[in-house]
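Engineer: how would this look folded up:
(one chain, ligands or ions: 1)
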Amino acid sequence: MELPGKRVVVTGAGQGLGRAYAEGMAREGASVLVNDVDAANCHDVVASIRVAGGTAEGHVGSVADWDDAGAIVSACVEAFGGIDGLVNNAGLHAVNKFTEEDPVFARKMVEVNVLGGIYMSSHAARQMEAQQSGGVILNVTSGAASGLSLMATYGATKGAIAALTWNLANELKELGIRVNAISPAAQTAMVATTRQVRPSTVTWGPELMAPLVVFLLSDLSHDITGQIVKLWGTELQLVRHHGPIPPAITRDVWTPAAFAEAFATELHDRLQPYQRDMEGYVPFS
Ligand SMILES: NC(=O)c1ccc[n+]([C@@H]2O[C@H](COP(=O)([O-])OP(=O)(O)OC[C@H]3O[C@@H](n4cnc5c(N)ncnc54)[C@H](O)[C@@H]3O)[C@@H](O)[C@H]2O)c1
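Structural biologist: All right, here's what the predicted structure looks like:
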């Protein structure tokens, strides 16, 4: 067992990937606080973990609400005596033309995907600080953060989560809290909506992703933080950090013409891909 005695929260664990993470971690000895906004699914996952001999409690609530997020962490502390790990899995998704963006759903996606991760992480980090025990926060990003058509707002929320991961990995290091993110892929209800507009080679189920979550929540990854880990079926990759590309180019005065000259010369071969699957820059034409 890789997670004996670990007390972990998985948000959005009523179905799909979150359910697989919760069940996978319970099999490895973790006590799991299962969260979802869907009460029936939440209780079903708790029951299934218990039937399999694991330890789980459920808490229904929205990660996008500050008080609910606090109550989810408190439920873990009340049930198991503390919190050692948080998987910020809950998320919403939409596939649509950006020229047809729905402003109400766009706001909801930002609230759940971005504020949900921020609220849950803040409550969990406060509790871990009070425990003086360290801990692990695992966020969930997506290939859409690197650029895909028809998923602009979703991709923007997942890019925000990548930035949250790098920022928290720095700030929470002194509290002994590791912060990583995964970029998963599996056939779930979410992917079914993507499939309606884009072919996909994803054929595997969410259970294939659970061992990666177990690894990143366990002491096996005790020295790993600030990383974004992509698992695509059997292919494992790290995702590049978004830093400036050295060396910097210097001019005494940057005029528009000087920028044009720099883009035509020194920066020409450094232009970056702007799509998940692109090898190099594709010019605008
Ligand atoms: N499925 C994939 O291939 C894939 C790829 C990249 C990233 N992801 C990410 O993985 C995570 C899980 O995706 P999935 O495919 O299992 O999706 P899913 O739609 O099957 O499950 C999402 C779960 O989150 C819950 N949820 C929604 N809003 C919530 C809220 N406010 N508070 C608590 N729970 C809430 C839903 O009720 C649902 O049970 C998401 O963050 C998603 O963006 C999935």
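
Engineer: and the chain, which residues reach the ligand?
Structural biologist: Where the chain comes near the ligand, counting by C-beta under 6 Å from any ligand atom, the residues are 11-12, 14-18, 35-38, 41, 62-64, 89-93, 112, 116, 140, 142, 184-186, 188-191. (Glycine included, C-beta is placed from N, CA and C.)

Engineer: in helices only, show me these.
Structural biologist: Secondary structure from DSSP state H places 16, 17, 18, 41, 116, 189, 190, 191 of the residues of the chain next to the ligand in helices.

Engineer: grab the nearest non-local neighbour of the first one.
Structural biologist: The reference is to residue 16. The shortest distance from residue 16 to any non-neighbouring residue, by C-beta to C-beta, 6 or more residues apart in numbering, is to residue 188 (3.6 Å).

Engineer: what about the helices in the stretch 1-150 of the chain?
Structural biologist: Secondary structure of the stretch 1-150 of the chain, counting by DSSP state H, counting those that start in this stretch: helices at 16-27, 39-51, 66-80, 103-110, 116-131.

Engineer: of those, flag the one that's most buried.
Structural biologist: Highest mean neighbour count among the helices of the stretch 1-150 of the chain (mean count of other C-beta atoms under 10 Å): helix 16-27, with a mean of 26.

Engineer: most remote residue from this structure's center?
Structural biologist: Distance from the C-alpha centroid of the chain, by C-alpha atoms, centre = their mean, peaks at residue 252 (42.1 Å).

Engineer: contacting residues for residue 209?
Structural biologist: Contact analysis of residue 209 by C-beta atoms under 8 Å, 6 or more residues apart in numbering lists 17, 20, 21, 182, 184, 185, 186, 231.

Engineer: once you drop chain neighbours, what's closest to the first one?
Structural biologist: What sits nearest to residue 17 in space, not counting adjacent residues and going by C-beta to C-beta, 6+ apart, is residue 206, at 4.4 Å.

Engineer: with the third one instead?
Structural biologist: If the residues on either side of it in the chain are set aside, residue 21 comes closest to residue 213, at 4.5 Å by C-beta to C-beta, 6+ apart.

Engineer: how close does the closest residue to residue 147 other than its chain neighbours get to residue 132?
Structural biologist: Leaving aside its chain neighbours, residue 147 sits nearest to residue 275 (4.4 Å; criterion: C-beta to C-beta, 6+ apart). Per C-beta to C-beta, to the nearest Å, residue 275 is found 44 Å from residue 132.

Engineer: can you check residue 53 too?
Structural biologist: For residue 53, the distance to residue 132 equals 31 Å [C-beta to C-beta].

Engineer: then residue 30?
Structural biologist: Residue 30 sits 20 Å away from residue 132, going by C-beta to C-beta.

Engineer: so between the two, which is more surrounded?
Structural biologist: The residue with more neighbours, out of residue 30 and residue 132, is residue 30; 30 against 8, by other C-beta atoms under 10 Å.

Engineer: give me the distance between the two termini of stretch 99-106.
Structural biologist: Using C-alpha to C-alpha, to the nearest Å, the end-to-end distance of stretch 99-106 comes out at 13 Å.

Engineer: whatever residue of the stretch 51-200 of the chain ends up closest to the ligand: what's its closest spatial neighbour, skipping adjacent residues?
Structural biologist: The stretch 51-200 of the chain approaches the ligand most closely through residue 91 (2.4 Å), counting by C-beta to the nearest ligand atom. Spatial nearest neighbour of residue 91, excluding adjacent residues (C-beta to C-beta, 6+ apart): residue 113 at 5.1 Å.

Engineer: contacting residues around the one you found?
Structural biologist: Residue 113 makes contacts with 91, 92, 154, 157, 158, 160, 161, as judged by C-beta under 8 Å, 6+ apart.

Engineer: same thing with residue 4?
Structural biologist: Contact analysis of residue 4 by C-beta under 8 Å, 6+ apart lists 28, 29, 30.

Engineer: make CSV out of these and add pLDDT.
Structural biologist: Putting the contacts of residue 4 into CSV (pLDDT from 0 to 100) gives the following:
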residue, pLDDT
28, 98
29, 98
30, 99
